[in-house]
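# quick check, what structure comes out for this input:
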Amino acid sequence: MLNINHWEYYTQMPIYKYGPGKQRSSLFWIITGTSSISVKIFQMKNNMKRVLVFVNWMLMVSSSFAQSKTYSTVAIGKIPEGRLTFVKKWAYPWNVIKIKDGRFEDTESGTIIKGKVARLYFTANCETDVQGGYSIRYCYASKNKDTIRLNFADGLPAYANEFNIYITKDRFSFEPKIIYPQLTPNEKLIYRPVSSKLILDDNNYKTIAGYINAVFEEITYSSDKKQTAKKYYFRGYFKAPVK
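Numbering: from 1, shown residues only. Below you'll find the predicted structure:
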């Protein structure tokens, strides 16, 4: 199975590295001994091959992941304040650590961060049993026309999964996006919602608060046409500003 983020990076990188806009060294021109027209044709064919390889990857990935949509009705109800106390807690970004002398280090680049580091206040208190189970502390809410999207994500670098809720008027759909580090050849995954319940504190979407309880199936179709299914859950409370 495939980590989509890694796939996008590694498949696009060769196109950018060797594609239009990148100059080869003068040694290349001497070795080829061809006219500039021949070289340009050669480069165009080379670039076209890479584009075709890239498109082929896209088709393979899209055929490996699928999802069925199910719409449910949003419930309106009062969320107890005691369930939303997580908004007072915070953490530093996942790639930042505080070292002994009080300064902060970016673990990705290995550099010391100058100045203050932002505190990321929690906007969710959710959990899932996907990939052994872990907590999700962040909900990102955005609005596009009549649709509110709630995007739940946390746990980098170990977990790159996302859990999305799309709300339109009084209806919503729950759509998990499970990211695995490797692709299993000739294997297809389908995600099917089993049940989902969404309670919103009110319908004033400047700040959105509520409770989600969703169960979904991950159905695997292998190359020998065998089918296996696993059930997972995603549940918890959230409170986030809508942007």
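
# surely residue 77 meets residue 199?
Yes: between residue 77 and residue 199 there is a contact at 4.8 Å, judged by CB atoms under 8 Å. Bear in mind the C-beta positions are built from the backbone N, C-alpha and C, glycine included.

# comparing those two, which shows the higher neighbour count?
residue 199 (16 against 10; other CB atoms under 10 Å).

# and the pLDDT at the more buried one?
Among the per-residue scores, residue 199 shows a pLDDT of 97.

# now the one 5 residues further on
The score at residue 204 is 72. That number is its pLDDT.

# next, count neighbours for it.
10.

# and it, how far from residue 171?
According to CB to CB, to the nearest Å, residue 204 and residue 171 sit 18 Å apart.

# one more: residue 165?
Separation of residue 165 from residue 171 (CB to CB) stands at 11 Å.

# cool, and residue 227?
Taking CB to CB as the measure, residue 227 falls 30 Å from residue 171.

# show me the contacts for residue 86.
Residue 86 is in contact with 122, 124, 125, 137, 237, counting by CB atoms under 8 Å, 6 or more residues apart in numbering.

# go again using 7 Å as the cut-off
Residues near residue 86 by CB atoms under 7 Å, 6 or more residues apart in numbering: 122, 125.

# now swap in the one 10 residues further on and tell me
Under the criterion of CB under 7 Å, 6+ apart, the neighbours of residue 96 are 104, 106, 113, 117.

# may I see the ChimeraX selection of the buried members of those?
Of the contacts of residue 96, the buried ones can be selected in ChimeraX as follows, counting by 16 or more other CB atoms under 10 Å:
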select :104,113
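
# the helices in this protein, which residues?
Assigned by DSSP state H, the helices in the chain fall at 4-18, 26-32, 36-64.

# now the residue nearest to residue 160 when sequence neighbours are not counted: how far from residue 194?
Excluding the flanking residues, the one nearest residue 160 by CB to CB, 6 or more residues apart in numbering is residue 179, at 4.1 Å. Relative to residue 194, residue 179 is positioned 21 Å away (CB to CB).

# count of neighbours near residue 192?
Neighbours of residue 192 under the rule other CB under 10 Å: 15.

# report the beta-bridge partners for it.
Applying DSSP bridges to residue 192 gives these bridge partners: residue 217.

# doesn't residue 219 make contact with it?
Yes: proximity of residue 192 to residue 219 meets the contact threshold set by CB atoms under 7 Å, at 6.3 Å.

# so residue 165 and residue 171 - more neighbours on which side?
Neighbour totals were compared for residue 165 and residue 171, and residue 165 leads with 24 against 12 (other CB under 10 Å).

# center of this protein - which residue?
Nearest to the geometric centre of the chain sits residue 162, at 4.9 Å (CA atoms, centre = their mean).

# which residues touch the residue nearest to that one when sequence neighbours are not counted?
Spatially, and ignoring its direct neighbours in sequence, residue 162 is nearest to residue 177 (4.3 Å; CB to CB, 6+ apart). When contacts are counted by CB under 7 Å, 6+ apart, residue 177 touches 161, 162, 164.
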